[in-house]
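Asks: following is a predicted model, sequence given first.
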Amino acid sequence: MPMSPTLQTPTSNQSPPPPFRPVEAAEQRLSGRVVVVSPHLDDAVMSLGATIAQCVRAGTDVVVLTVFAYIPSSEARAGPWDTSCGYSTEGQAARARREEDRRACLVLGAKRRWLDFGAEPYERRGSQEEIWSAVDAETRGADAVLLPGYPLTHPDHSELSELLLRKGLSCGAVALYAEQPYRFWQRKTPLVSSIAPPLQDLIEGSLTWSRVLTDSEYRRIKRRAVQSYRSQLRHLGLGPFGLRRMIWHEAAQGGEALAWLPRRAEG
């Protein structure tokens, strides 16, 4: 997996980062219709599963929108990752992984939408304009849209967030989310004002990352949802012990992380 340029992370000689902003402001925006944009068929649930479950329980209409959801009819030879997971073609991987995602979203109570664009290393089957147009149509009028935002070390993640932020979306509030299991693997926890390198030219000023506080009930729901991705967990280092460690580490830091972007000026 490609690594991002060095980000600001505390060392043993540095003082700990300042506390995150209280989460009430984030909770107030996670109401109405919320779309969580997921590059692949697991990113949203692994990153924000507890938050999604909590929002659904509170009455929020949550949609998990997977952009690079593969093509179920494709006979293209499976890429290295999918081959290691036991698939022989892109279509076989698409069908199995979409079923895993269906089960995970069912556990959380979220709706799901899949777009037929190919993930790396497969053919994209759409230009950047077509990808943006499809996502904009799915998120139009949403009260909030959540995008992958840190650490953005996977090229599909960085390409998608760059595209959507550069062109903009026809929605209310937009927030970035810290991605799992990438930040757990790399111990890349966003500091209060961290901006991932791929987005530094697109975000003016600084960000303020906050934690969405969830109790143990929603963390257990997240764990059950993530366990739906059976074909992926061993290869992600998230067997029973690894998954518990990831969720424990996340809870110990205060919860899943979001950073809200300033609203664009009208006109």
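Replies: Looks like it came in fine.

Asks: going forward, measure contacts and count neighbours with C-alpha atoms only.
Replies: Will do.

Asks: low-confidence stretches in the stretch 1-150 of the chain?
Replies: By pLDDT under 70, the weakly predicted segments of the stretch 1-150 of the chain are 1-28.

Asks: what ranges does it have for its helices?
Replies: Along the stretch 1-150 of the chain, counting by DSSP state H, counting those that start in this stretch, helices occupy 24-29, 43-57, 80-84, 90-108, 128-139.

Asks: now render those helices as JSON lines, adding mean neighbour count and distance to residue 228.
Replies: Rendered in JSON lines, the data for the helices of the stretch 1-150 of the chain read as follows (neighbours: other Cα atoms under 10 Å; distance: least, Cα to Cα, whole Å):
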{"stretch": "helix 24-29", "mean neighbour count": "14", "distance to residue 228": "27"}
{"stretch": "helix 43-57", "mean neighbour count": "24", "distance to residue 228": "10"}
{"stretch": "helix 80-84", "mean neighbour count": "14", "distance to residue 228": "17"}
{"stretch": "helix 90-108", "mean neighbour count": "21", "distance to residue 228": "5"}
{"stretch": "helix 128-139", "mean neighbour count": "16", "distance to residue 228": "25"}
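
Asks: and the residue nearest the centre of this structure?
Replies: Here the mean C-alpha position of the chain is nearest to the C-alpha of residue 44 (Cα atoms, centre = their mean), at a distance of 3.8 Å.

Asks: residues in contact with that one?
Replies: Listed by Cα atoms under 8 Å, 6 or more residues apart in numbering, the contact set of residue 44 reads 36, 37, 38, 64.

Asks: again, but for residue 49
Replies: Residues counted as contacts of residue 49 (Cα under 8 Å, 6+ apart) are 108, 218, 219, 221, 222, 225, 226.

Asks: tell me the spacing between the fourth one and residue 137.
Replies: To residue 137, residue 221 is 30 Å away according to Cα to Cα, to the nearest Å.

Asks: which residue packs closest to residue 173, ignoring adjacent ones?
Replies: Leaving aside its chain neighbours, residue 173 sits nearest to residue 144 (4.6 Å; criterion: Cα to Cα, 6 or more residues apart in numbering).

Asks: list the buried ones in stretch 202-218?
Replies: Residues of stretch 202-218 classed as buried by neighbour count (16 or more other Cα atoms under 10 Å): 207, 208, 209, 210, 211, 212, 213, 214, 218.

Asks: nearest residue to the third one other than its sequence neighbours?
Replies: If the residues on either side of it in the chain are set aside, residue 209 comes closest to residue 259, at 4.3 Å by Cα to Cα, 6+ apart.

Asks: JSON lines for the helices of the stretch 1-150 of the chain, including distance to residue 201?
Replies: What follows is the helices of the stretch 1-150 of the chain, written out as JSON lines (distance: least, Cα to Cα, whole Å):
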{"stretch": "helix 24-29", "distance to residue 201": "24"}
{"stretch": "helix 43-57", "distance to residue 201": "24"}
{"stretch": "helix 80-84", "distance to residue 201": "31"}
{"stretch": "helix 90-108", "distance to residue 201": "33"}
{"stretch": "helix 128-139", "distance to residue 201": "19"}
